[in-house]
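Colleague: Give the three-dimensional model of this entry:
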Amino acid sequence: MIGFSGAMIVGGVLLVLLLLLGVRGISAARSWSTRADLPIGDDAADFVPCPQEFVPKIFSSADWEFVCQTKSPQLEKLFRRERKAVALLWVRQTSAAIQRVMREHSAAARESRDLEFTTEVKLVLLYGELMLLCGVLLLAIQSAGPLWLRGVALYADSLSQRIAGAQQAIAAATPREIHTVGPS
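Modeller: Sure thing, here's the model as predicted:
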């Protein structure tokens, strides 16, 4: 039986490993969200993120179960590769979209005179949590595939929707001149 100090050491080691995984994941999410082969970024104003109902389907095991019934190793390998690529693309799009939302929010917040500190802190914490989740998802999808990550992906998608909704509400509540570019 492990004593209290042994449990603290094991807990500390696990915490450090989790933090390292998160930092590595965040850095991977940031570098992958700016890759040139993705239709995201500031120059893609017409970019539309995946619909919310798309996420449960990407991370569903129903398609995998159907493919397994074919008893075709080639089809199974193709399915795993393609589903992994789609899941990674979704994570990168989500990460890039939220980074863009936060950049827009930061620009608007710099001009605002009536910021609510608690609201801003909550938004930053949500952003940090989502970016950490995106990083962890990128690493987990690379190593294990998307089929076992449905719950985490759905949670990340709900956080993404909350941040986007909060930014839309804040943008609607701020004076219009903040959102225009150039002299009035």
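Colleague: helices and strands around the helix or strand harbouring Pro56, which ones?
Modeller: According to DSSP states H and E, Pro56 maps onto helix 54-58. When contacts are defined as 3 or more Cβ pairs under 8 Å, 6 or more residues apart in numbering; DSSP states H and E, helix 54-58 sits against helix 73-111, helix 150-173. Heads up, the C-betas are built off the backbone N, CA and C, glycines and all.
Colleague: Is it possible to get a markdown table of those that adds mean pLDDT and distance to Glu53?
Modeller: A markdown table is the format used below for these (pLDDT from 0 to 100; distance: least, Cβ to Cβ, whole Å):
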| stretch | mean pLDDT | distance to Glu53 |
| --- | --- | --- |
| helix 73-111 | 89 | 12 |
| helix 150-173 | 82 | 10 |
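Colleague: Mind putting those helices into CSV with mean neighbour count?
Modeller: What follows is the helices and strands packed on helix 54-58, written out as CSV (neighbours: other Cβ atoms under 10 Å):
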stretch, mean neighbour count
helix 73-111, 17
helix 150-173, 16
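Colleague: quick one: which of these is nearest Ile9?
Modeller: Shortest distance between Ile9 and these, using Cβ to Cβ, is found for helix 150-173: 27.4 Å.
Colleague: report the angle between the axes of that closest one and helix 73-111?
Modeller: Using axes from the mean of the first three to the mean of the last three Cα atoms, to 10 degrees, the inter-axis angle of helix 150-173 relative to helix 73-111 is 30 degrees.
Colleague: If you count contacts, what does helix 150-173 end up packed against?
Modeller: With contacts defined as 3+ Cβ pairs under 8 Å, 6+ apart, helix 150-173 has these neighbours: helix 54-58, helix 73-111, helix 117-144.
Colleague: ok, Lys84 to Glu104 distance?
Modeller: Using Cβ to Cβ, to the nearest Å, one obtains 31 Å as the distance from Lys84 to Glu104.
Colleague: again with Leu123
Modeller: In this structure, Leu123 and Glu104 are 12 Å apart, going by Cβ to Cβ.
Colleague: Same question for Gln52.
Modeller: Distance from Gln52 to Glu104, counting by Cβ to Cβ: 20 Å.
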